[in-house]
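Q: Just need the structure, nothing else, for what follows:
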Amino acid sequence: MESKTAVEPKTGMESKTIWLNGEFVDYEKATLHFMTPGLHYGIGVFEGIRCYQTARGPAIFRLDEHIARFFHSALCLGFRELPFGEEQIADACTELVARNSFDDCYIRPLLYLASGGSGGGWNLNLDGGSPAIGIAAWKWGAYLGAEALEKGVRANVSSFTRHHPNVTMTKAKISGSYANSFLAKTESVRLGFDEAIMLDPQGYVAECTGENLFLVKDGQVVTAPTAAILEGITRDALITFAQDHGFSVVERPISRDQLYTADEVFVSGTAAECIALREIDFRKIGRGTTGPVTRALQKDFHAAVRGAHPRSKGWCTFVKDAEEERKTA
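A: You can find the predicted model right below:
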């Protein structure tokens, strides 16, 4: 359904239109009631997806994988039936980018527990409410700062521990779980760092507040096992690029001091992309700047998302192509 009075975006995260439960509505009208239970209890799941400008117009990077993880998150949280299918949500993402005339942008699907049913979701029972889905898109630049790509950023090991897999579903992007990330990131920024590294309940390196973590030692790329972390889609892309270069990629437990003595440490995520950690806990990592392995993976990643890499063909969903398919369907 077409929004009637779309307005030009102003600043920050604003856009012309947002997709909300099957309809495109004006940005100002995409609102929820204060008594929405998902807001009070953090009962929702979300995805973060990037769209990049390419020679063929805007392209969404690994859209299918993101939408699949979105639905897997809903399954892990316990939603039984959803009002829309994967294909509908993927189509809504491409149409949303087109309607907003975006090129480089960030896309945020959110499934949340809405009112309805016995108790309206207020009895701490997922079956007491009904699921609803919204999708927003907005212009967004460098998550960790414009200079991070070249210089890297500073991080510290947080005093907050990452979730135990039996405390919450670590494979799901559950809204309420991110209170853990907020605590860690806020602490680190207040201490003068850019990002926080979180250890798992056994004391091994897990991930950062919104990124997976890798280290490089003697030409080998090492990353944490997947049991206690979110299996990032950018993480998977960088592992693929590393293997394309002939690097050995190993998943094994990483101790805190192994970070300090690494040749390189870098993080990955949809928002952060691929960024080096030049310093951890006041200790310079390697040469204290973006290292050669990280730089090679950055180059591959940025080529892929711009449609200029052999891997782009299978990973980029071109918005214009999707629009043409929608018109002829």
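Q: Now for residue 269, how many residues are close by?
A: Neighbourhood size, residue 269 [other C-beta atoms under 10 Å]: 24. The way it works is simple: take the backbone N, C-alpha and C, and place the C-beta from them, glycine included.
Q: what pLDDT does it get?
A: At residue 269, the pLDDT value in this model is 97.
Q: Could you do residue 324 as well?
A: Model confidence at residue 324 (pLDDT) stands at 87.
Q: Looks to me like it is in a strand.
A: No - using DSSP: H, G, I helix; E, B strand; the rest coil, the secondary structure at residue 324 is helix, not a strand.
Q: distance of it from residue 249?
A: Note on residue 324: its distance to residue 249, by C-beta to C-beta, to the nearest Å, is 38 Å.
Q: okay, the two: which has more neighbours?
A: residue 249 (16 against 11).
Q: list the helices and strands the helix or strand encompassing that one packs on?
A: For residue 249, the element it lies in under DSSP states H and E is strand 248-251. Packing partners of strand 248-251 (3 or more C-beta pairs under 8 Å, 6 or more residues apart in numbering; DSSP states H and E): strand 220-223, helix 233-244.
Q: Could you export these as a markdown table, including mean pLDDT, distance to residue 261 and mean neighbour count?
A: Below are the helices and strands packed on strand 248-251 laid out as a markdown table (pLDDT from 0 to 100; distance: least, C-beta to C-beta, whole Å; neighbours: other C-beta atoms under 10 Å):
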| stretch | mean pLDDT | distance to residue 261 | mean neighbour count |
| --- | --- | --- | --- |
| strand 220-223 | 98 | 12 | 20 |
| helix 233-244 | 98 | 20 | 20 |
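Q: coming back round to it: hmm, who's touching the strand holding residue 249?
A: Here strand 248-251 makes contact (C-beta atoms under 8 Å, 6 or more residues apart in numbering) with 219, 220, 221, 222, 223, 224, 225, 226, 239, 242, 243.
Q: So the first one is in contact with residue 246, correct?
A: Pointing back at residue 219 there. No - contact between residue 219 and residue 246 fails when scored by C-beta atoms under 8 Å: they sit 9.4 Å apart.
Q: of those two, who's got more company?
A: The neighbour comparison of residue 219 against residue 246 (other C-beta under 10 Å) goes to residue 219, with 10 against 7.
Q: and the closest residue to the more buried one other than its chain neighbours, how many neighbours does it have?
A: Closest residue to residue 219 apart from its sequence neighbours, by C-beta to C-beta, 6 or more residues apart in numbering: residue 247 at 6.8 Å. Neighbourhood size, residue 247 [other C-beta under 10 Å]: 17.
Q: separation between residue 247 and residue 255?
A: 21 Å.
Q: go on, residue 161?
A: 15 Å.
Q: of these two, who's got more company?
A: Legend: neighbour count by other C-beta under 10 Å for residue 161 and residue 255, higher for residue 161 (16 against 12).
Q: The more buried one touches residue 198, doesn't it?
A: Yes - Residue 161 is in contact with residue 198 according to C-beta under 8 Å; the separation is 6.7 Å.
Q: quick one: the strands in the stretch 201-329 of the chain?
A: 205-208, 212-217, 220-223, 248-251, 264-269, 273-280, 283-284, 316-318 (DSSP state E, counting those that start in this stretch).
Q: any idea which of those is most buried?
A: strand 264-269 (a mean of 27; mean count of other C-beta atoms under 10 Å).
Q: So residue 46 sits against residue 110, correct?
A: Yes - with contacts counted by C-beta under 8 Å, residue 46 reaches residue 110, the gap being 4.6 Å.
Q: what is in contact with these two at once?
A: Common neighbours of residue 46 and residue 110 (C-beta under 8 Å, 6+ apart) are residue 175.
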